[in-house]
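J.: Model the following, please.
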Amino acid sequence: MTAQDGARLVCWDFGGEGTPLFMVHGAGLHGRCWEPVAGPLRALGFRPLALDMRGHGASSRSPGGDYSWDLFALDVLETLVQLGLTDGAGAGGAGADGAGAGGAGAGGAGANGAGADGAGADGAGVDGAAVPGVVAVGHSAGGTALLLAEASRQGTFSKIWAWEPIISIPGRDDRARRGAELARRARQRRAEFASIDEARVHFQGRHMFAEFSPESLEAFLDGGLVPNDEGGYRLACDPEDEARVYERAAGHDAWEGLARVHCPTRLLGGELSPAVPPDELAQIAAQLPAPGPEGSGQGAAGSGQRAAGSGQREVVMPGLGHFGPFQRPADIADDIANWAA
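T.: Numbering: from 1, shown residues only. Below you'll find the predicted structure:
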């Protein structure tokens, strides 16, 4: 697929039928990191798809080095239109051209081998049939992009499941400070490796990967490294690009946009996370519109959230950190499935 500014975007189709789950990763990762979560969800009857954000995975670097988070939200909306998951007018369903729900981005095969023309493996939607309402699933910056997208074009998603979206809270300067520190670390990150095995040894148990399960680390390696000119491998997300993502972390209006997110929204975080501590998660959740009555489908904590076992707008999961979706992927898949049902 092609973004409005010409960036090439790739979306991975993990196969399956039923409700589409549109998954977006955080900074420095890529769409295939969701594979250990997507597998169980596919087995439960969902159709997981995962976007490589610009500058990450198989998607191209951003023209001019622009990594504003509002641009990530535009990429989400453009991808959904080109996949036929929305008509671009804020309502889920078949696209204006009747394109199918699944498929890879132009020039890249999907995870299930879907072709570059965007045709899904099961041909869903090719005759213009409506696609079930899309459920958004996001981690960190990916969660923020989904919330920004819904705020910009209400009705894009039927529900949102977001793990620790990065949102600046007015009156606090820690988000800009954290972004600057993460940018500094990113620029120091080793990016070149002689082999996949060398990269595995380097990353295992280090920094954020200390929270990754073994299968999640393998999923990162599968899509997070690309061949270099010396016969080895380099990070698919250039450390300079990752740093620029962090530097723009406080430069969006997601806080104001939360009031325009009316679809049922489940916010989650890890008990041990320093990135979005439980008190910040609660403040973010409080900005969402008030829940509607049981079964109304309005607000942040509709009947779907109660069915998932919580009457709260935000859920703090014990023993997990910022990378909880990749720490216990099977448990996360169960939570997403309960919410999306």
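
J.: I'd assumed Cys11 was in contact with Thr79.
T.: Yes - using C-beta atoms under 8 Å, Thr79 is in contact with Cys11, at 5.7 Å. Glycine gets a C-beta too; all of them are placed from N, C-alpha and C.

J.: what about those two, which has more around it?
T.: Each of Thr79 and Cys11 has its neighbours counted (other C-beta atoms under 10 Å); Cys11 has more, 29 against 25.

J.: so which helix or strand takes in that one?
T.: Under the assignment given by DSSP states H and E, the secondary-structure element containing Cys11 is strand 10-13.

J.: Now do that strand: which elements does it pack against?
T.: strand 47-52 (3 or more C-beta pairs under 8 Å, 6 or more residues apart in numbering; DSSP states H and E).

J.: Sketch out the low-pLDDT regions of the stretch 101-250 of the chain for me.
T.: Judged against pLDDT under 70, the low-scoring parts of the stretch 101-250 of the chain cover residues 101-132.

J.: in stretch 205-215, what's buried?
T.: Buried residues in stretch 205-215, counting neighbours by 16 or more other C-beta atoms under 10 Å, are found at 208-209, 211-212.

J.: Now tell me what touches it from outside.
T.: The contact list for stretch 205-215, computed with C-beta atoms under 8 Å, 6 or more residues apart in numbering, reads 28, 35-36, 185, 203, 217, 220, 320-324, 326-329.

J.: Pull out the buried residues from these.
T.: Buried among these (16+ other C-beta under 10 Å): 28, 35-36, 203, 217, 220, 320-324, 326-329.

J.: Was I right to think Glu280 contacts Ile169?
T.: Yes - under the criterion of C-beta under 8 Å, Glu280 is in contact with Ile169, at a separation of 6.4 Å.

J.: Give me the more crowded residue out of those two.
T.: Looking at Glu280 and Ile169 with other C-beta under 10 Å, you find the greater number of neighbours at Glu280, namely 21 against 14.

J.: Would you mind measuring from the more buried one to His30?
T.: Using C-beta to C-beta, to the nearest Å, one obtains 26 Å as the distance from Glu280 to His30.

J.: Find the helix or strand that Gly138 is a member of.
T.: Using DSSP H and E, Gly138 falls within strand 135-139.

J.: Report the separation between the residue nearest to Ala249 when sequence neighbours are not counted and Glu198.
T.: Counting by C-beta to C-beta, 6 or more residues apart in numbering, Ala249 lies nearest to Gly179, which is 3.9 Å off, once chain neighbours are set aside. Here the distance between Gly179 and Glu198 works out to 30 Å (C-beta to C-beta).

J.: the more surrounded of the two?
T.: Gly179 (21 against 13).

J.: Assumed that one was part of a strand.
T.: No - looking at Gly179 with DSSP: H, G, I helix; E, B strand; the rest coil, it is helix, so not inside a strand.

J.: Pretty sure it sits against Arg244.
T.: No - Gly179 lies out of contact with Arg244 (C-beta under 8 Å); the separation is 10.2 Å.

J.: Do you have the helices of the stretch 201-341 of the chain handy? List them.
T.: If you assign secondary structure with DSSP state H, counting those that start in this stretch, the helices in the stretch 201-341 of the chain sit at 214-224, 239-247, 254-257, 278-286, 303-307, 324-327, 329-340.

J.: Restricting to C-alpha, output the first one in PDB.
T.: So the one you mean is helix 214-224. Taking only C-alpha atoms (Å, rounded to 0.1, in the frame of the first residue of the first chain), the coordinates of helix 214-224 have been written out as PDB:
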ATOM      1  CA  PRO A 214      11.100 -16.800  23.700                       C
ATOM      2  CA  GLU A 215       8.500 -17.000  20.900                       C
ATOM      3  CA  SER A 216       8.100 -13.200  21.000                       C
ATOM      4  CA  LEU A 217      11.800 -12.700  20.600                       C
ATOM      5  CA  GLU A 218      11.800 -15.000  17.600                       C
ATOM      6  CA  ALA A 219       8.900 -13.100  16.100                       C
ATOM      7  CA  PHE A 220      10.900  -9.900  16.500                       C
ATOM      8  CA  LEU A 221      14.000 -11.400  14.800                       C
ATOM      9  CA  ASP A 222      11.900 -12.700  11.900                       C
ATOM     10  CA  GLY A 223      10.800  -9.200  10.900                       C
ATOM     11  CA  GLY A 224      13.100  -6.900  12.700                       C
END
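
J.: Distance from the chain centre to it, please.
T.: Relative to its chain's centre, helix 214-224 lies at 16 Å (C-alpha atoms, centre = their mean, to the nearest Å).

J.: what's the answer for the longest one, then?
T.: Counting by C-alpha atoms, centre = their mean, helix 329-340 is centred 15 Å from the centre of its parent chain.

J.: For it, which helices and strands make contact with it?
T.: In terms of contact count using 3+ C-beta pairs under 8 Å, 6+ apart, helix 329-340 is assigned the packing partners helix 35-43, strand 135-139, strand 159-163, helix 303-307.
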